[in-house]
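>>> the following block contains a protein sequence and its predicted model.
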Amino acid sequence: MNNKAYFSNIRSEIISILKSAEEEVLIAMAWFTNRELLNEVIQCLQRGEKGSLTLLDDIINHCDFGADFNMFIAEKGSEFYLYPPSMKFMHHKFCIIDGETLITGSYNWTNYAENRNLENIVITDDSSLID
(Lines give C-alpha, C1' and ligand atoms only; values in the text may rest on other atoms or scores of the structure.)
Protein backbone atom coordinates (compact mmCIF):
# COMPACT_ATOMS: atom_id res chain seq x y z
CA MET A 1 0.00 0.00 0.00
CA ASN A 2 1.30 3.42 -0.96
CA ASN A 3 0.19 6.56 0.88
CA LYS A 4 1.69 10.00 0.40
CA ALA A 5 0.65 13.35 1.84
CA TYR A 6 1.23 16.68 0.08
CA PHE A 7 1.10 20.16 1.58
CA SER A 8 2.45 22.20 -1.36
CA ASN A 9 2.43 22.05 -5.17
CA ILE A 10 -0.85 20.19 -4.87
CA ARG A 11 -2.23 21.17 -8.27
CA SER A 12 0.93 19.83 -9.94
CA GLU A 13 0.60 16.53 -8.08
CA ILE A 14 -3.03 16.14 -9.11
CA ILE A 15 -2.21 16.93 -12.74
CA SER A 16 0.58 14.37 -12.69
CA ILE A 17 -1.81 11.68 -11.45
CA LEU A 18 -4.52 12.69 -13.96
CA LYS A 19 -2.01 12.33 -16.81
CA SER A 20 -1.57 8.68 -15.81
CA ALA A 21 -5.31 7.90 -15.96
CA GLU A 22 -6.25 5.22 -18.48
CA GLU A 23 -9.90 4.32 -17.94
CA GLU A 24 -11.93 6.49 -15.61
CA VAL A 25 -11.78 9.63 -13.47
CA LEU A 26 -14.46 10.09 -10.79
CA ILE A 27 -14.54 13.43 -8.98
CA ALA A 28 -16.71 14.74 -6.13
CA MET A 29 -15.76 18.29 -5.20
CA ALA A 30 -17.54 20.92 -3.15
CA TRP A 31 -15.93 23.80 -5.09
CA PHE A 32 -14.06 23.63 -8.39
CA THR A 33 -12.85 26.85 -10.10
CA ASN A 34 -9.36 25.86 -11.27
CA ARG A 35 -9.35 25.89 -15.07
CA GLU A 36 -5.99 24.12 -15.32
CA LEU A 37 -7.33 21.13 -13.39
CA LEU A 38 -10.55 21.07 -15.43
CA ASN A 39 -8.54 21.19 -18.66
CA GLU A 40 -6.56 18.15 -17.52
CA VAL A 41 -9.77 16.27 -16.72
CA ILE A 42 -11.09 17.17 -20.18
CA GLN A 43 -7.88 15.82 -21.71
CA CYS A 44 -8.61 12.52 -19.96
CA LEU A 45 -12.00 12.43 -21.69
CA GLN A 46 -10.41 13.30 -25.02
CA ARG A 47 -8.10 10.28 -24.61
CA GLY A 48 -11.21 8.11 -24.36
CA GLU A 49 -11.54 7.74 -20.61
CA LYS A 50 -14.83 8.07 -18.80
CA GLY A 51 -15.34 10.93 -16.37
CA SER A 52 -17.84 11.73 -13.68
CA LEU A 53 -17.97 15.10 -11.94
CA THR A 54 -20.23 15.85 -8.99
CA LEU A 55 -20.22 19.41 -7.65
CA LEU A 56 -22.07 21.30 -4.98
CA ASP A 57 -24.72 23.45 -6.67
CA ASP A 58 -23.26 26.67 -5.30
CA ILE A 59 -22.67 30.12 -6.77
CA ILE A 60 -18.89 29.62 -6.55
CA ASN A 61 -19.16 26.80 -9.10
CA HIS A 62 -21.17 29.05 -11.43
CA CYS A 63 -19.01 32.21 -11.39
CA ASP A 64 -17.49 33.73 -14.51
CA PHE A 65 -13.99 33.60 -12.98
CA GLY A 66 -14.26 29.84 -12.51
CA ALA A 67 -14.10 26.79 -14.72
CA ASP A 68 -16.44 26.31 -17.68
CA PHE A 69 -18.10 22.96 -17.03
CA ASN A 70 -19.94 23.13 -20.35
CA MET A 71 -16.64 22.08 -21.91
CA PHE A 72 -16.64 18.97 -19.67
CA ILE A 73 -20.30 18.20 -20.38
CA ALA A 74 -19.72 18.45 -24.15
CA GLU A 75 -17.11 15.66 -24.10
CA LYS A 76 -18.05 12.07 -24.88
CA GLY A 77 -17.90 9.85 -21.80
CA SER A 78 -18.70 12.61 -19.31
CA GLU A 79 -21.30 12.55 -16.56
CA PHE A 80 -22.04 15.78 -14.70
CA TYR A 81 -24.08 16.19 -11.53
CA LEU A 82 -24.94 19.22 -9.40
CA TYR A 83 -25.70 18.29 -5.81
CA PRO A 84 -28.42 20.51 -4.32
CA PRO A 85 -27.46 21.97 -0.92
CA SER A 86 -31.08 21.55 0.18
CA MET A 87 -30.47 17.81 0.65
CA LYS A 88 -27.32 17.90 2.78
CA PHE A 89 -24.28 20.06 2.33
CA MET A 90 -22.00 18.07 0.01
CA HIS A 91 -18.48 18.90 1.20
CA HIS A 92 -16.53 16.07 -0.47
CA LYS A 93 -13.10 16.60 -1.97
CA PHE A 94 -11.97 13.40 -3.65
CA CYS A 95 -10.98 11.90 -6.97
CA ILE A 96 -10.71 8.21 -7.86
CA ILE A 97 -8.63 7.31 -10.88
CA ASP A 98 -9.01 3.96 -12.65
CA GLY A 99 -10.47 2.47 -9.46
CA GLU A 100 -6.89 2.24 -8.18
CA THR A 101 -5.84 5.68 -6.93
CA LEU A 102 -7.59 7.97 -4.47
CA ILE A 103 -6.81 11.67 -4.03
CA THR A 104 -8.48 13.20 -0.97
CA GLY A 105 -7.90 15.89 1.62
CA SER A 106 -8.85 19.45 2.43
CA TYR A 107 -8.03 20.77 -1.06
CA ASN A 108 -10.96 21.98 -3.17
CA TRP A 109 -9.97 22.25 -6.83
CA THR A 110 -10.03 26.06 -6.67
CA ASN A 111 -7.66 28.91 -7.28
CA TYR A 112 -7.96 29.92 -3.61
CA ALA A 113 -6.96 26.46 -2.45
CA GLU A 114 -3.89 26.60 -4.65
CA ASN A 115 -2.78 30.18 -3.96
CA ARG A 116 -4.23 31.42 -0.67
CA ASN A 117 -5.08 28.56 1.66
CA LEU A 118 -3.04 26.05 3.63
CA GLU A 119 -4.28 22.74 2.22
CA ASN A 120 -3.39 19.06 2.00
CA ILE A 121 -4.08 15.97 -0.03
CA VAL A 122 -3.31 12.31 0.47
CA ILE A 123 -2.76 10.07 -2.54
CA THR A 124 -3.27 6.38 -1.83
CA ASP A 125 -3.80 3.08 -3.54
CA ASP A 126 -5.46 1.55 -0.45
CA SER A 127 -8.33 -0.46 -1.96
CA SER A 128 -10.36 -0.37 1.27
CA LEU A 129 -10.47 3.43 1.06
CA ILE A 130 -11.12 3.46 -2.69
CA ASP A 131 -14.06 1.07 -2.34
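Perfect, I can see it now.
>>> ranking helices and strands of the chain by mean pLDDT, which lands last?
When each helix and strand of the chain is scored by mean pLDDT, DSSP states H and E, helix 111-115 comes last, with a mean of 90.
>>> any buried residues in that helix, and which?
Residues of helix 111-115 classed as buried by neighbour count (16 or more other CB atoms under 10 Å): 111, 113-114. Using the backbone N, CA and C atoms, a C-beta is placed for each residue, glycine as well.
>>> residue 73 reaches residue 82, doesn't it?
No: applying CB atoms under 8 Å as the test, residue 73 and residue 82 come out as separate, 11.0 Å apart.
>>> of the two, which one has the most company?
Counted by other CB atoms under 10 Å, residue 73 and residue 82 do not tie: residue 82 has more neighbours, with 15 against 11.
>>> in which helix or strand would I find that one?
strand 78-83 (DSSP states H and E).
>>> so which elements touch the next helix or strand after that strand?
Sequence order places strand 93-97 as the next helix or strand after strand 78-83, per DSSP H and E. Contacts defined by 3 or more CB pairs under 8 Å, 6 or more residues apart in numbering; DSSP states H and E place strand 93-97 against helix 10-19, strand 24-29, strand 101-105.
>>> which ones are touching the most centrally placed residue in the chain?
Geometric centre of the chain, nearest residue: residue 27, 4.5 Å, by CA atoms, centre = their mean. Residue 27 makes contact with 41, 51-54, 94-95, 109 under the criterion CB atoms under 8 Å, 6 or more residues apart in numbering.
>>> repeat that with 6 Å
Residue 27 sits next to 53, 95 when contact means CB atoms under 6 Å, 6 or more residues apart in numbering.
>>> what are the bridge partners for it, then?
Residue 27 has these beta-bridge partners by DSSP bridges: residue 53, residue 95.
>>> for it, give its distance to residue 38.
Plainly put, residue 27 is 10 Å away from residue 38 if you go by CB to CB, to the nearest Å.
>>> same question, residue 45
Remark: distance between residue 45 and residue 38 (CB to CB) = 11 Å.
>>> next: residue 105.
As judged by CB to CB, residue 105 and residue 38 stand 19 Å apart.
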